[in-house]
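*Asks:* What follows is a protein structure lacking sequence information:
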Ligand SMILES: Nc1ncnc2c1ncn2[C@@H]1O[C@H](COP(=O)(O)OP(=O)(O)O)[C@@H](O)[C@H]1O
Ligand SMILES: [Mg+2]
């Protein structure tokens, strides 16, 4: 993809490639989640044995390598799928501080090995956007910043996330003290599939997706960089009045919600949508969710992913119905699209609602409110 001003034919080819790649990525993603779950299970079992049988140590190291490799492939496949799903979800007033806090939580592991993180965005006003889309934007920028810095000496490097208001715009800067971007590739960094990273580390889609999301919100993204000194990306969006996002809690008690999803990005998006009005617990597996239901229940609502490795949503439903039958009445399923017969039959049998990704945050909140208030109102 060398042209940085693609012709119509190029664009068509890029779009077609994107669609094909997304299909392949989707097919790869599911088996990979099983590979990772099985490896996790095996690692756990071998870890329990390794003190008694020290000769297993190299085997354990090999298994960790396999797990890392599978996770990398899984992340690449997810990037590719995101590329095909360009619409960033429901748009409304968004508290950027919450989006940036969540970004930091997700990226902390990659950042902390490389740089000291500086967060200066406490006073930033809200913007119009979607939490999921904006989360994707800033996660891409922060991950790129981290990847521009070699691991090993986090005291020597900084990644700063700064937010400020200027003439009715919100400017969020993500800057790093990493490698910088050479002038000769500057024109191409936003092109889909342009990457300077080794195969397996970069898809070249991050900035292309970021650019599209920011554009779709009427915003702009700028970059300044100096080789050897670092890079600053600035995202500019229209500011909204501070009163447009509600930070105080509405009257009535807090709801108690459990989110069950193996995908931390999805779980975080649901948590964010509900956190102002509810106590939200998150479980990454069906097994974890089962013990939360028996230890921390009852919940007013349980949002459960249909597709999860190890124990999927349907099995979770059946298992939890043995533990406490009434619990099933508060379950709603989360889905990226139901396309198999078994799931359709299951849903028809149980009559439980299915919420399609990407979610409408207000829809999630309303679902919980109805259950907290109770049928009598
Ligand atoms: N903060 C940064 N510092 C240095 N180079 C960067 C930075 N952000 C982006 N780049 C360059 O832009 C390219 C494209 O970025 P991106 O679209 O996110 O794809 P990827 O990260 O998968 O390579 C990167 O491969 C890298 O060369
Ligand atoms: Mg990237």
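*Replies:* Cool, got the structure. Model, not experiment: these values are computed from the prediction. Ligands and ions are numbered 1, 2, ... in the order given.

*Asks:* need the helices for the stretch 101-250 of the chain, in chain order.
*Replies:* All helices of the stretch 101-250 of the chain, identified by DSSP state H, counting those that start in this stretch, fall at 131-147, 206-216.

*Asks:* For the closest residue to ligand 2 within the stretch 251-377 of the chain, give me its contacts.
*Replies:* Nearest to ligand 2, among the residues of the stretch 251-377 of the chain, is residue 265, at 15.0 Å (Cβ to the ion). All C-beta spots, glycine's among them, are computed from the backbone N, C-alpha and C. Contacts for residue 265 (Cβ atoms under 8 Å, 6 or more residues apart in numbering) come out as 106, 132, 135.

*Asks:* any idea how far it is from residue 139?
*Replies:* To residue 139, residue 265 is 8 Å away according to Cβ to Cβ, to the nearest Å.

*Asks:* list the residues that contact both of those two?
*Replies:* Common contacts of residue 265 and residue 139 (Cβ under 8 Å, 6+ apart): residue 106.

*Asks:* Can you tell me the closest non-neighbouring residue to residue 303?
*Replies:* residue 259 (5.0 Å; Cβ to Cβ, 6 or more residues apart in numbering).

*Asks:* thinking the one you found is in contact with residue 282, fair?
*Replies:* Yes: using Cβ atoms under 8 Å, residue 259 is in contact with residue 282, at 4.9 Å.

*Asks:* of these two, who's got more company?
*Replies:* residue 259 (26 against 18; other Cβ atoms under 10 Å).

*Asks:* And that one, how far from residue 271?
*Replies:* In terms of Cβ to Cβ, residue 259 sits 6 Å off from residue 271.

*Asks:* who touches both of those two?
*Replies:* By Cβ under 8 Å, 6+ apart, the residues touching both residue 259 and residue 271 are 280, 282.

*Asks:* on that earlier part again, output the helices of the stretch 101-250 of the chain in a markdown table; the columns should cover mean pLDDT, distance to ligand 1 and mean neighbour count.
*Replies:* Below are the helices of the stretch 101-250 of the chain laid out as a markdown table (pLDDT from 0 to 100; distance: least, Cβ to the nearest ligand atom, whole Å; neighbours: other Cβ atoms under 10 Å):
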| stretch | mean pLDDT | distance to ligand 1 | mean neighbour count |
| --- | --- | --- | --- |
| helix 131-147 | 89 | 3 | 24 |
| helix 206-216 | 91 | 3 | 20 |
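
*Asks:* For ligand 2, find the nearest of those.
*Replies:* Taking the helices of the stretch 101-250 of the chain one by one with Cβ to the ion, helix 206-216 is closest: 2.8 Å.

*Asks:* near ligand 2, anything from that closest one?
*Replies:* Yes: using Cβ under 5 Å from the ion, helix 206-216 comes into contact with ligand 2 via residue 206.

*Asks:* any idea of the angle that helix forms with helix 131-147?
*Replies:* 140 degrees (axes from the mean of the first three to the mean of the last three Cα atoms, to 10 degrees).
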